[in-house]
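J.: Provided below for reference: sequence and predicted model.
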Amino acid sequence: MAEAHPDRRRLSGPSERAAVAGERVRLDGISKHFFEIMANDSVDLVLADGEIHALLGENGAGKSTVCSILAGLYHPDSGTIRVDGELKRFASPADALAAGIGMVYQHFRLVDELSVAENIVLGHPDVPARVSRRRLAETCRQVAQRFGMELDPLAAVGELAVGQQQRVEIARLLHRGVGVLILDEPTSVLTPQESDALFANLRKLAAAGHSIVIVTHKLNEVLAVADRVTVMRAGRVVSTRPAEGATAASLSREMVGRDVERPAGRRAREPDRVVLQVEGLTVPGASKSVAAVEDVSFSVRAGEILGVCGVSGNGQRELAEALTGMRQPSAGSIRLGGKDITARSVAHRCDHGMAYIPEDRLAVGIAAGLPVEDNLMLRSYRDPALRRGPFLNYARARDVARNLIREFDVRGVRAGVPASALSGGNVQRAILAREIHRRPSLLVAASPTRGLDVRAALAVRQAMADGRESGLAVLLISEDLDEAISVSDRLIVMFEGRVVGAFSAAEASVERLGELMAGVGIEAEAA
Ligand SMILES: Nc1ncnc2c1ncn2[C@@H]1O[C@H](COP(=O)(O)OP(=O)(O)OP(=O)(O)O)[C@@H](O)[C@H]1O
Ligand SMILES: [Mg+2]
């Protein structure tokens, strides 16, 4: 049940125009179903003027759906949207934008080749057909200044760090006069420092009267930045309350409906033989002149989790792609179980015990257009136990897939529904299920808990820990320092393609790792 906001007052009738004091947006009884799933079940939500309102809930709870409805992307089956007291019907995101509501999607809608200024200003209804670069840059500077953001108008967007791109996206919406800003998991792609900068910007915007909706799975962020919190479960609103007084434990209890167990403690088992040995690995980057990974060496043993920390874009992706055979290194060697696999195919590595959870799940991890069952069966073609001669034993493979869906609690699966329709977290569970059940000797996991709710993230960490107990070697690439430190046995830090530090879990501190990730004090370290 929703708690009343102090400013919340009932409208006397739908035709009433006068804005209710302090109430910017009001959703009443919003419902939306996809097939037989009630993604939103009579959702009531009020956004006050100048508040930051966090939306919490497990994967598939309906957060993105309600945001998309408010942003005009989806049409509700029933229910009403009022903006400043006025009843609205959005036929498209353009309508919502016209009503002052804009959404920052997880995958930004910027044009990489254009400059920051062009991205912010172009598409605005008032831009003349011809406009000088000077004027563009000046407008951009004004926008940035007005909202207290740091932006370089002339930089090409494609070359900016993710956090800066996000800032451009926000500035673009603000330039359109948006008063309600919706951010769907904005920090899942940011470093801790970038998140802090984002929050500082959001606080300024809220202080200037903007209303902000932020979806996140990170409870400490909610407590740090939000004024109020709404928790959703299975399409419904469970509660709306001030963030003050809430705790991480109370919020996760509400999301899940019961207490969330703590992860199992660190293992007792000693690491065993070396499973992965990387020596002098150099991997070319997108622009051939600079290497994305440069002269990197490390090893991972059976029964050990090696955490690779770093700000995204420092070579982790290219490292993972080289290890899994998707990208060819220009120098160095990769040995798996003692055998040189540097020049081997993806399929060969997969057959010889390597499993991979990619960073870009929808693009690389799964066939988004295929149903989940089929996705889970994809790898079965390589499993002798599920083959009859050259053919797949379809019935057995399907049983295996169905068991995995149950065991890993993948939700939203229905016959004929493509995997792309699953909520983000459920896609991740499906990939994890497929990769881990093959009993690999090495798991390369790139940001495996990104976008997962508290319980699902715990389940993934537990699965990695369980794997380690049974002798799995895990390479965990993570931008979440707390996670990397709590899960790993050893850690290495990557900066600009190089390994700039190596620690045992016991000697690692968030401060030192954070400094190295930012490139502070590297000379001393490397010397
Ligand atoms: N386009 C779609 N087609 C079919 N089902 C959908 C579609 N979009 C969402 N769903 C389903 O609706 C439910 C709610 O999904 P939604 O994306 O709103 O969840 P969420 O709370 O944002 O989850 P997450 O934290 O994983 O992002 C899920 O069961 C999802 O599978
Ligand atoms: Mg979502």
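T.: Arrived safely. Ligands and ions are numbered 1, 2, ... in the order given.
J.: Got the domain ranges for the chain?
T.: 24-100+179-256, 272-353+442-527, 368-439 (automatic domain parsing).
J.: Distance from the chain centre to the first one, please.
T.: On the basis of C-alpha atoms, centre = their mean, to the nearest Å, domain 24-100+179-256 is displaced by 16 Å from the centre of the chain it belongs to.
J.: which other residues reach the helix or strand where Glu138 lies?
T.: Per DSSP states H and E: Glu138 is located in helix 133-146. Residues outside helix 133-146 that contact it (C-beta atoms under 8 Å, 6 or more residues apart in numbering) are 115-118, 120-121, 150-151, 153-154, 171, 174-175. Placement of C-beta: from N, CA and C, glycine included.
J.: Pick out the most distant pair among the residues you listed.
T.: Leu154 and Leu174 (19.4 Å; C-beta to C-beta).
J.: So which of the two has more stuff around it?
T.: Leu174 (22 against 13; other C-beta atoms under 10 Å).
J.: which ones are touching that one?
T.: Neighbouring residues of Leu174 by C-beta under 8 Å, 6+ apart: Val143, Arg146, Phe147, Leu181, Leu205, His210.
J.: Quick check: of the residues you listed, which lies closest to ligand 1?
T.: Proximity of the contacts of Leu174 to ligand 1, judged by C-beta to the nearest ligand atom, is greatest for Leu181, which lies at 17.3 Å.
J.: wait, that closest one sits on Val215?
T.: No. Using C-beta atoms under 8 Å, Leu181 is not in contact with Val215, being 11.9 Å away.
J.: can you pull the buried residues of stretch 150-169?
T.: Neighbour-count burial for stretch 150-169 flags 151-153, 157, 160, 162-169 (criterion: 16 or more other C-beta atoms under 10 Å).
J.: Can I get that stretch in PDB, CA atoms only?
T.: Extracted C-alpha coordinates of stretch 150-169, given in PDB (Å, rounded to 0.1, in the frame of the first residue of the first chain):
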ATOM      1  CA  GLU A 150      30.800  20.100 -17.200                       C
ATOM      2  CA  LEU A 151      30.700  19.400 -20.900                       C
ATOM      3  CA  ASP A 152      33.100  20.000 -23.800                       C
ATOM      4  CA  PRO A 153      30.900  21.100 -26.700                       C
ATOM      5  CA  LEU A 154      33.400  20.100 -29.400                       C
ATOM      6  CA  ALA A 155      34.200  16.600 -28.300                       C
ATOM      7  CA  ALA A 156      32.900  13.800 -30.400                       C
ATOM      8  CA  VAL A 157      30.400  11.800 -28.400                       C
ATOM      9  CA  GLY A 158      31.700   8.500 -29.600                       C
ATOM     10  CA  GLU A 159      35.000   9.200 -27.800                       C
ATOM     11  CA  LEU A 160      33.600  10.200 -24.500                       C
ATOM     12  CA  ALA A 161      33.500   7.900 -21.400                       C
ATOM     13  CA  VAL A 162      30.100   6.400 -20.600                       C
ATOM     14  CA  GLY A 163      29.600   8.800 -17.700                       C
ATOM     15  CA  GLN A 164      30.100  11.800 -20.000                       C
ATOM     16  CA  GLN A 165      27.800  10.400 -22.700                       C
ATOM     17  CA  GLN A 166      25.200  10.100 -20.000                       C
ATOM     18  CA  ARG A 167      25.700  13.700 -19.100                       C
ATOM     19  CA  VAL A 168      25.200  14.700 -22.700                       C
ATOM     20  CA  GLU A 169      22.000  12.700 -22.900                       C
END
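J.: Need the mean per-residue confidence for it.
T.: Stretch 150-169 shows a mean pLDDT of 81.
J.: that older thread, please flag which of the contacts of helix 133-146 sit within helices.
T.: Using DSSP state H, the members of the contacts of helix 133-146 that fall in helices are Val116, Ala117, Glu118, Ile120, Val121, Ala171, Leu174, His175.
J.: Minimum pLDDT in those, which residue is that?
T.: The member of those with the lowest pLDDT is Val121, at 78.
J.: and that residue, how many neighbours does it have?
T.: The burial count for Val121: 24, using other C-beta under 10 Å.
J.: Next: Pro418.
T.: By other C-beta under 10 Å, the residues close to Pro418 number 15.
J.: do you know how far the nearest residue to it once chain neighbours are set aside is from ligand 1?
T.: Nearest non-adjacent residue to Pro418, counting by C-beta to C-beta, 6 or more residues apart in numbering: Gly369, 5.1 Å away. Here Gly369 is placed at a distance of 13 Å from ligand 1 (C-beta to the nearest ligand atom, to the nearest Å).
J.: Where does Gly369 sit: helix, strand or coil?
T.: coil (DSSP: H, G, I helix; E, B strand; the rest coil).
J.: Is Val400 part of a helix or strand, or is it coil?
T.: Secondary structure state of Val400, per three-state DSSP, is helix.
J.: what bridges to Leu442?
T.: Beta-bridge pairing of Leu442 under DSSP bridges involves Met354, Ala473.
J.: Please work out how many residues are found near it.
T.: Leu442 has 22 nearby residues by other C-beta under 10 Å.
J.: wait, what's in contact with it?
T.: Leu442 sits in contact with Val275, Leu276, Val300, Leu336, Gly353, Met354, Ala355, Leu472, Ala473, Val474, Leu475, where contact means C-beta under 8 Å, 6+ apart.
J.: Now restrict the residues you listed to buried residues only.
T.: Buried, going by 16+ other C-beta under 10 Å: Val275, Leu276, Val300, Leu336, Gly353, Met354, Ala355, Leu472, Ala473, Val474, Leu475, out of the contacts of Leu442.
J.: quick check, nearest of those residues to ligand 1?
T.: Ala355 (22.2 Å).
J.: tell me the pLDDT at that closest one?
T.: With respect to pLDDT, Ala355 has a value of 92.
J.: hmm, back to that, redo the domains of the chain as CSV? Include distance to Arg130.
T.: Below are these laid out as CSV (distance: least, C-beta to C-beta, whole Å):
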stretch, distance to Arg130
domain 24-100+179-256, 24
domain 272-353+442-527, 32
domain 368-439, 40
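J.: before we move on, back to that, just put the contacts of Leu174 in TSV and tack on pLDDT, neighbour count and distance to ligand 1.
T.: Converted to TSV, the contacts of Leu174 look like this (pLDDT from 0 to 100; neighbours: other C-beta atoms under 10 Å; distance: C-beta to the nearest ligand atom, whole Å):
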residue	pLDDT	neighbour count	distance to ligand 1
Val143	82	19	30
Arg146	77	12	31
Phe147	75	18	27
Leu181	97	23	17
Leu205	93	22	23
His210	96	21	22
